[in-house]
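1. Take a look and give me a structure for this.
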Amino acid sequence: MISKKSVLALLCAAALVIGLAACGGDDDDSSSSGNSGTTAASAGGDQSGGAVAVTIEGFAFDAQPVTAGSSFKVENKDSTEHTFTADDGSFDVDVPAGKTVTVTAPSAAGTYAFHCKIHSSMKGDLEVS
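-> Purely as a prediction, here's the structure:
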């Protein structure tokens, strides 16, 4: 006869295996950020697109110049979510903690001021040529 402890242990092990199977394997969440006015795009692991042009670390932006209309990456190295939002609304994406998103640069050359909607002290400029 099987003891109640054995049955309970088997049920717990089965639940653990099912739970792990449901959680693992899909690191690529390519769903849209859902923000209106976005020209960009996908949150998840390292997405296809250009090189990392904007890094978020220590609640600060570090932006490198990009080419008009090109794809580039915004990498969030912080442990909290941020946004990469143009003051003029030309781009607006959520950047989850520890994730990278792909963004399409505005099609017109110029300097685009941007900020984080969640943390008002975070600001920067994106040079588009």
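2. Just the helices from the chain, written as ranges.
-> Under the criterion DSSP state H, the chain contains helices at 4-23.
3. pLDDT-wise, which helix or strand of it ranks last?
-> helix 4-23 (a mean of 45; mean pLDDT, DSSP states H and E).
4. quick one: buried residues of stretch 121-129?
-> Judged by neighbour count (16 or more other CB atoms under 10 Å), stretch 121-129 contains these buried residues: 122, 124, 126, 128. Yep, even glycine has a C-beta here, placed from its N, CA and C like the rest.
5. what's in contact with that stretch?
-> For stretch 121-129, contacts defined as CB atoms under 8 Å, 6 or more residues apart in numbering pick out 53-54, 56, 59-63, 65-68, 82, 86, 105-106, 108-116.
6. Report the buried members of those.
-> Here, 16+ other CB under 10 Å leaves 53-54, 56, 61, 63, 66, 82, 86, 105-106, 112, 114-116 buried among the contacts of stretch 121-129.
7. Just the ones of those residues in strands?
-> 53, 54, 56, 61, 63, 82, 86, 112, 114, 115 (DSSP state E).
8. In contact with residue 106, which residues are there?
-> 39, 68, 69, 86, 90, 91, 112, 128.
9. doesn't residue 113 make contact with the fourth one?
-> Read that as residue 86. Yes. Residue 86 sits in contact with residue 113 when judged by CB atoms under 8 Å, with a separation of 7.2 Å.
10. Among the buried residues of stretch 121-129, give me the pair with the biggest separation.
-> Using CB to CB, those span at most 19.5 Å, a distance reached by 122 and 128.
11. would you list the ones in strands among the buried ones among the contacts of stretch 121-129 in a markdown table and tack on pLDDT and distance to residue 74?
-> Below are those laid out as a markdown table (pLDDT from 0 to 100; distance: CB to CB, whole Å):
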| residue | pLDDT | distance to residue 74 |
| --- | --- | --- |
| 53 | 96 | 7 |
| 54 | 98 | 4 |
| 56 | 98 | 7 |
| 61 | 98 | 9 |
| 63 | 97 | 9 |
| 82 | 98 | 9 |
| 86 | 97 | 12 |
| 112 | 98 | 13 |
| 114 | 98 | 10 |
| 115 | 98 | 13 |
